[in-house]
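Engineer: Here is a sequence together with a model predicted from it:
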Amino acid sequence: MPGKMRSVKCQAALYMGVALALSMLLNNTAAWKAWSLLGEEYIYLSTGIILFYLVDPYIGVYTVLATTASGALNLALKHLFNTPRPPNPLVKVEGPGFPSGHAQVSASFWSILTLLRREACLAALSLVMVTGVSLSRLYLRAHYPIDVAGGVVIGLTVSVALNQAGTRLSLGKTMLATGTAVSALSLIALVLNPGGTTAQGLLGVGAATAISAVFIEESVKALRI
């Protein structure tokens, strides 16, 4: 089974690499919109939940933590810097430009997955996915290059910090710390942008994450049996 899964990841990296190359060659708006969709936060949260129940609960928890932490930090930074976006975007955009949320969250999700698994094919797939999402935001005129570059760097930093925390703390303590950080960052975003519905939602997610830390280790053990 491990060998088969490795083969699937290698094939996925190859196919997505070809898809990215074709997107760059054809420069088609519909293709770039599809890549942009792959950078949506709800896609990664849903994938993390699927990983939790069907693949490995430990990996599922960390991908969800990376996604929510990166999303909350991104929201706070956006309203802190409050920079403009490019004119005439090809997709609907909301909020300030820096840093790119799509680039940041995709970088966090794929990098934490790579750090946890440490597989060459998964690393290649991660590189392709983050590159595709990042380029899509430029083509669609949703962000300036500095927005995307900043998002990727910040997203990687979040995952490295989370991975380091995981090596020093128990899963429960890591989850508690992350949930608290998400709540704090969401509050900052709300202070900077009162009434923001996304920040309100993340505030609830952060609180739920912190509370869930009490029983997460038992849940992971039960699912791994």
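Structural biologist: Here it is on my side, so go on.

Engineer: what residue ranges in this protein score low on pLDDT?
Structural biologist: Applying pLDDT under 70 to the chain picks out residues 1-3, 225.

Engineer: Got phi/psi on Gly17?
Structural biologist: Note on Gly17: its backbone torsions stand at phi -60, psi -40 [degrees, to the nearest 10].

Engineer: so how far is Tyr62 from Ser126?
Structural biologist: Using C-beta to C-beta, to the nearest Å, we find Ser126 at a distance of 14 Å from Tyr62. Every residue, glycine included, has its C-beta placed from N, CA and C.

Engineer: Among those two, which residue is more densely surrounded?
Structural biologist: Shown here are Ser126 and Tyr62; by other C-beta atoms under 10 Å, Tyr62 has more neighbours (27 against 23).

Engineer: what's near enough to touch the more buried one?
Structural biologist: Applying C-beta atoms under 8 Å, 6 or more residues apart in numbering to Tyr62 gives the contacts 112, 116, 162-163, 166.

Engineer: Please render those as CSV that adds secondary structure, distance to Ser36 and neighbour count to the earlier fields.
Structural biologist: Listed next are the contacts of Tyr62 as CSV, based on DSSP: H, G, I helix; E, B strand; the rest coil; distance: C-beta to C-beta, whole Å; neighbours: other C-beta atoms under 10 Å:
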residue, secondary structure, distance to Ser36, neighbour count
Ile112, helix, 21, 29
Leu116, helix, 26, 19
Leu162, helix, 25, 24
Asn163, helix, 27, 17
Gly166, helix, 30, 21
